[in-house]
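Chemist: how does the following fold in three dimensions:
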Amino acid sequence: MKKTFIKIVTVLLTLAILIPLASCSKKPDSELEINIYALNGTTALGMAQLIDSSNNDTDEMNYNITLHTAADAITGAIITGECDIAALPTNVAVKLFNKSEGKLKLLAVNTLGVLYLLQNGEQVSKLSDLEGKTVYVPGAGANPEYITAALIESAGIKNVTIDATTYNSPDALQAAIATNAVSLAVLPEPKVTATKAANPGVSVALDLTEEWEKINGDDTLVQGCLVVNTEFANEHPIEIAKFLEDYKASVDYISEGSDEAIEMITSAKILPNATIAKKALPNCNICFIAGEEMKPIMNTFCEKIFAYDNSSIGGKLPTDEFYYIEK
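Modeler: Numbers count the residues shown, from 1 in each chain. As a prediction, the model looks like this:
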């Protein structure tokens, strides 16, 4: 009887060890097509190596990555499940979460601050120099407007006009300052590098990330992110974990700025040419911040632009349900 009892205990202990190991060793489904949408430009930079691997069939997973020129082409798709993962501006991601009542989740922050104040014929070296001036930003209702306005308000600067309606896109504003039509403009990289190349008289007056962090803390200006369709995330946690691993590897590789990395960026048509890509990349602040670490910096960012205009993120601050935390 004693021997039988010992055998039973031994079997149970063995199963207790093997069952967790079996569950931990589950492999992702490499045949599952994962549709990923991203915007041309900075928010797609981190996935350039992933795009290269996908195009050359050297990736372990079945990533189908499509680049778009406007966020409108992505926002509906991530909610309906037409795409599973998307790279979007941070304020757009929170708006969609609120509007859809949780049909997407934040996977990772992938871009910190990329905005710069450009000057053409001005002498601005600090925020207070903007007193009484007009600053042009590209398009109303987007991160550049909210960030610029929230920063100026937080700094206590009065009597600054922020014009977000005259030029409705970064391209239009880039052309305006390059051709001397405006003297102060807020633009993101890589538009900054392209503008300076087109007109050597244009210079960077202020790095808005530096100015923001002086007031609000390090890494709290978060402009780009990855989101996932909630239903897809719930059904495919192993594949999501693999994607995050692969994406981080891609960010790390591209961040080094090697000639091969630059070639991947231009081949994917994320940036127009190698010269601009090489100069702009160090100022694009691409990153990978996921899990619990993304919550405090994203919450701080949302609180600041929400305080300026609560419609900036859809009328309410994100809840814990907004964040995808691996279990």
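Chemist: quickly list the domain ranges of this structure.
Modeler: Each structural domain of the chain that the record assigns through automatic domain parsing is listed here as a residue range: 33-112+221-322, 115-216.
Chemist: what about the spatially closest residue to residue 139 that is not a sequence neighbour, neighbour count?
Modeler: Counting by CB to CB, 6 or more residues apart in numbering, the nearest residue to residue 139 once its immediate chain neighbours are dropped is residue 168, at 4.8 Å. Heads up, the C-betas are built off the backbone N, CA and C, glycines and all. Around residue 168 sit 13 other residues, with neighbours defined as other CB atoms under 10 Å.
Chemist: sorry, back to before: can you put the domains of the chain in JSON lines and add mean pLDDT and distance to residue 27?
Modeler: Output for the domains of the chain, formatted as JSON lines (pLDDT from 0 to 100; distance: least, CB to CB, whole Å):
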{"stretch": "domain 33-112+221-322", "mean pLDDT": "95", "distance to residue 27": "7"}
{"stretch": "domain 115-216", "mean pLDDT": "95", "distance to residue 27": "38"}
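Chemist: so which of those gets nearest residue 26?
Modeler: Closest to residue 26 of the domains of the chain is domain 33-112+221-322 (CB to CB; 5.6 Å).
Chemist: quick one on the thing from earlier: from residue 31, how far off is the residue nearest to residue 139?
Modeler: Counting by CB to CB, to the nearest Å, the gap between residue 168 and residue 31 amounts to 43 Å.
Chemist: for residue 212, same thing?
Modeler: Applying CB to CB, the value for residue 212 to residue 31 is 44 Å.
Chemist: neighbour-wise, which of these two wins?
Modeler: The residue with more neighbours, out of residue 212 and residue 31, is residue 212; 24 against 7, by other CB under 10 Å.
Chemist: could you give the bridge partners of the residue nearest in space to the middle of the chain?
Modeler: For the chain, the residue nearest the mean C-alpha position is residue 224 (1.8 Å; CA atoms, centre = their mean). In this structure, residue 224 has the following beta-bridge partners (DSSP bridges): residue 89, residue 111.
Chemist: and it, what does it touch?
Modeler: Residue 224 is in contact with 42-43, 87-90, 109-111, 114, counting by CB atoms under 8 Å, 6 or more residues apart in numbering.
Chemist: just the buried residues of stretch 195-213, please?
Modeler: Taking 16 or more other CB atoms under 10 Å as the basis for neighbour counts, the residues of stretch 195-213 that come out buried are 195-196, 202, 204-209, 211-213.
Chemist: which one of these is nearest residue 304?
Modeler: Nearest to residue 304 among the buried residues of stretch 195-213, with distances taken as CB to CB, is residue 212, at 8.3 Å.
Chemist: tell me the contacts of residue 136?
Modeler: With contact taken as CB under 8 Å, 6+ apart, residue 136 is in contact with 163-164, 166-167, 173, 176-177, 182, 184-186.
Chemist: ok, back up a step: turn the contacts of residue 224 into a markdown table, columns for distance to residue 101.
Modeler: Conversion of the contacts of residue 224 to a markdown table gives the following (distance: CB to CB, whole Å):
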| residue | distance to residue 101 |
| --- | --- |
| 42 | 29 |
| 43 | 24 |
| 87 | 22 |
| 88 | 18 |
| 89 | 20 |
| 90 | 19 |
| 109 | 23 |
| 110 | 24 |
| 111 | 26 |
| 114 | 30 |
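Chemist: for stretch 266-285, measure first residue to last.
Modeler: Its start and end residues considered, stretch 266-285 measures 18 Å (CA to CA, to the nearest Å).
Chemist: now that stretch: buried residues?
Modeler: Judged by neighbour count (16+ other CB under 10 Å), stretch 266-285 contains these buried residues: 266, 268, 270-271, 276-281, 283-285.
Chemist: now swap in stretch 180-194 and tell me
Modeler: Applying a neighbour-count criterion of 16+ other CB under 10 Å, one finds 182-194 buried in stretch 180-194.
Chemist: also stretch 129-140?
Modeler: Along stretch 129-140, these residues count as buried under the neighbour rule (16+ other CB under 10 Å): 129-130, 135-139.
Chemist: go on, stretch 252-262?
Modeler: Across stretch 252-262, burial judged by 16+ other CB under 10 Å covers 253-255, 261-262.
Chemist: can you measure across stretch 270-288, start residue to end residue?
Modeler: End to end - CA to CA - stretch 270-288 spans 18 Å.
Chemist: cool, thanks, signing off.
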